[in-house]
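Peer 1: return a 3D structure for these sequence lines:
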Amino acid sequence: MAKGLNLNFSAQLLVAFVLAYNVWNIFNAKLPILSRATAEEKENVHDVLHPIDAPGGKATTTIFYNLYTKDESDVERVRNITVEQFSFMLPEEHDQVFVTTIGVPQVNLPVPNAEIIQHHPEGGEELTLHELWNYCRSHPYHSTKVVYLHSKGSFHDNKKNTDLRKFITRAALSKECANLPDQCDVCSARMSPIPHPHSSGNMWLARCDYVAKLVDPSFEPEGEKAKLKEIDESGFGWGRFFSEHWIHFHPSVRPCDLYPGSEFTFGRANIPVGDFKKDLKMAPRFDFDTFNILLNFTKPKEGFIVDMFWEFDLFYNQRPDETTWWGWNFYNTTYAKMVQPSVKKWMPWFFKTDMKK
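Peer 2: Modelled structure (predicted):
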């Protein structure tokens with residue numbers, strides 16, 4: 001009888017040990033992530049545990065703000081720009097605000113949940129975009145979203161910049177962008193494919209799983225890649241225009257935008273003033289001719305595709321899907337048409353490698 005009791009007790013002890021071991025393994029699998037974030041969050045904002053990463057967490061949106069102040073005399077004016085922009089912030093949608101200050105330092109910003117993460121005496125938007133990119137690389141989730149804003153008009157104070165700043169800030173911080181559909185990667189007031197894929201003024205919301213695919217916006221300009229950093233070319237989105245080009249700079253991008261009116265396509269012509277009805281649709285929402293009214297490009301539509309694919313090959317060794325890419329419909333062509341002899345003769349480099357997905 002005693003032996004039976006000892007055997008039963010041993011079996012129970014073994015079961016208890018196995019259960020405890022399994023629980024420990026499950027907990028231990030999660031623990032390094034939580035511990036690492038807690039230990040390093042003061043040193044690196046990219047390792048902060050985002051709410052969506054926690055079980056049951058609500059998907060919120062983190063804002064990255066590029067704040068430029070030219071000199072001491074501009075401090076108060078630029079602070080007013082900051083107050084104006086963040087008056088559109090939605091507490092129920094937007095979480096932390098990470099700020100990069102450039103030029104004259106700004107302190108005690110009148111922005112909820114704002115933290116100045118770096119200061120540079122000089123520099124451009126790529127400094128803040130690099131921090132946003134790093135954050136998304138650490139949080140590459142579909143439900144994790146980031147907003148990019150900058151103090152447009154802090155360098156050139158004029159009505160056009162003021163109107164554009166208000167227009168595109170309203171969109172980037174809108175409830176519509178914050179709740180963009182699953183099939184959309186980037187949301188802005190207007191995505192324009194002409195003269196290159198971009199959102200005029202460069203303010204937007206994006207999903208981190210998409211942003212994590214992009215090239216580092218502060219990439220080293222070496223070899224052929226140097227053209228994109230060293231040559232100012234507005235038609236291609238190179239040089240000082242690259243920061244505006246960057247967010248749509250991937251063959252897999254699925255853009256959407258909000259402004260329904262066709263009178264504003266890109267640039268600074270016909271900028272809407274005041275609030276507007278936000279109608280979220282996949283972009284580009286208009287045809288080629290509507291976008292081309294301002295510049296009246298005469299080069300073949302296939303030429304735009306050639307320009308983009310040169311970049312895609314160089315940076316990603318990847319090309320868009322042969323059927324679902326937004327460019328096929330917009331440029332009124334297909335991959336099958338692109339390989340016809342009439343096209344091939346003036347862009348032979350296009351055929352050096354097979355289409356990659």
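Peer 1: for residue 305, which residues are in contact?
Peer 2: By Cβ atoms under 8 Å, 6 or more residues apart in numbering, residue 305 lies in contact with 327, 331, 333, 338. For glycine as for every other residue, the C-beta is placed from the backbone atoms N, C-alpha and C.
Peer 1: name the nearest residue to the last one, sequence neighbours excluded.
Peer 2: Which is residue 338. residue 302 (6.3 Å; Cβ to Cβ, 6 or more residues apart in numbering).
Peer 1: swap in the second one?
Peer 2: Leaving out its chain neighbours, the residue that sits closest to residue 331 by Cβ to Cβ, 6+ apart is residue 301, at 4.2 Å.
Peer 1: buried stuff in the host helix or strand of the residue nearest to residue 338?
Peer 2: Element membership of residue 302 [criterion: DSSP states H and E] is helix 301-316. Of the residues in helix 301-316, 302, 304-313, 315-316 count as buried by neighbour count, 16 or more other Cβ atoms under 10 Å.
Peer 1: helix or strand next in line after it, which one?
Peer 2: According to DSSP H and E, the helix or strand after helix 301-316 is helix 326-330.
Peer 1: tell me the contacts of the most centrally placed residue in the chain?
Peer 2: By Cα atoms, centre = their mean, the chain has its centre lying nearest to residue 206, at 4.2 Å. For residue 206, the contact set (Cβ under 8 Å, 6+ apart) comprises 136, 145-146, 148, 185-187, 247.
Peer 1: hmm, back to that, out of the buried residues of helix 301-316, who's nearest residue 238?
Peer 2: Of all the buried residues of helix 301-316, residue 311 has the smallest distance to residue 238: 9.4 Å, by Cβ to Cβ.
Peer 1: SS state for residue 279?
Peer 2: What DSSP: H, G, I helix; E, B strand; the rest coil gives for residue 279 is coil.
Peer 1: skip the chain neighbours and tell me the closest residue to it.
Peer 2: residue 260 (4.3 Å).
Peer 1: what about that neighbour, neighbour count?
Peer 2: Using other Cβ atoms under 10 Å, residue 260 is surrounded by 13 other residues.
Peer 1: give the buried residues for the helix or strand where the residue nearest to the centre of the chain lies.
Peer 2: According to DSSP H and E, residue 206 maps onto strand 204-207. Buried residues in strand 204-207, counted by 16+ other Cβ under 10 Å: 204-207.
Peer 1: what number of residues lie near residue 156?
Peer 2: 9.
Peer 1: show me the contacts for it.
Peer 2: By Cβ under 8 Å, 6+ apart, the contact list for residue 156 is empty.
Peer 1: so it belongs to a helix, correct?
Peer 2: No - Residue 156: not assigned to a helix; according to three-state DSSP it is coil.
Peer 1: state the distance from it to residue 268.
Peer 2: Residue 156 sits 11 Å away from residue 268, taking Cβ to Cβ, to the nearest Å as the criterion.
Peer 1: now swap in residue 229 and tell me
Peer 2: 24 Å.
Peer 1: neighbour count: the two, which is higher?
Peer 2: More crowded of residue 229 and residue 268, by other Cβ under 10 Å: residue 229, with 17 against 14.
Peer 1: before we move on, which element is the nearest residue to residue 105 once chain neighbours are set aside in?
Peer 2: Once flanking residues are discounted, residue 105 sits nearest to residue 119: 5.4 Å by Cβ to Cβ, 6+ apart. Residue 119 belongs to strand 114-120 when assigned by DSSP H and E.
Peer 1: any idea where the helices of the stretch 151-300 of the chain begin and end?
Peer 2: Secondary structure of the stretch 151-300 of the chain (DSSP state H, counting those that start in this stretch): helices at 159-172, 175-178, 208-211, 226-230, 242-245, 288-291.
Peer 1: take those helices and write them to TSV, including mean pLDDT.
Peer 2: Shown next, in TSV, are the helices of the stretch 151-300 of the chain (pLDDT from 0 to 100):
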stretch	mean pLDDT
helix 159-172	97
helix 175-178	97
helix 208-211	98
helix 226-230	79
helix 242-245	93
helix 288-291	93
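Peer 1: possible to save these as JSON lines with distance to residue 67?
Peer 2: Putting the helices of the stretch 151-300 of the chain into JSON lines (distance: least, Cβ to Cβ, whole Å) gives the following:
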{"stretch": "helix 159-172", "distance to residue 67": "13"}
{"stretch": "helix 175-178", "distance to residue 67": "21"}
{"stretch": "helix 208-211", "distance to residue 67": "21"}
{"stretch": "helix 226-230", "distance to residue 67": "23"}
{"stretch": "helix 242-245", "distance to residue 67": "15"}
{"stretch": "helix 288-291", "distance to residue 67": "31"}
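Peer 1: quick one: which of those helices is nearest residue 198?
Peer 2: Nearest to residue 198, of the helices of the stretch 151-300 of the chain and by Cβ to Cβ, is helix 242-245 at 4.8 Å.
Peer 1: distance of residue 192 from residue 92?
Peer 2: 30 Å.
Peer 1: and residue 229, what is it in contact with?
Peer 2: For residue 229, the contacting residues are 219, 221, 238-239, 242, by Cβ under 8 Å, 6+ apart.
Peer 1: got it, and residue 140?
Peer 2: Residue 140 touches 208-209, 212, counting by Cβ under 8 Å, 6+ apart.
Peer 1: can you show me the CA trace of the strand or helix carrying residue 99 as CSV?
Peer 2: In this structure, residue 99 sits in strand 94-103 according to DSSP H and E. In CSV, the C-alpha atoms belonging to strand 94-103 read as follows (Å, rounded to 0.1, in the frame of the first residue of the first chain):
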residue,chain,number,x,y,z
HIS,A,94,-2.3,59.5,-31.8
ASP,A,95,0.1,58.3,-29.1
GLN,A,96,3.7,59.4,-28.6
VAL,A,97,5.3,62.3,-30.5
PHE,A,98,9.0,62.0,-31.2
VAL,A,99,10.7,65.3,-32.2
THR,A,100,13.9,66.1,-34.0
THR,A,101,14.9,69.7,-33.7
ILE,A,102,17.2,71.3,-36.2
GLY,A,103,18.9,74.8,-36.2
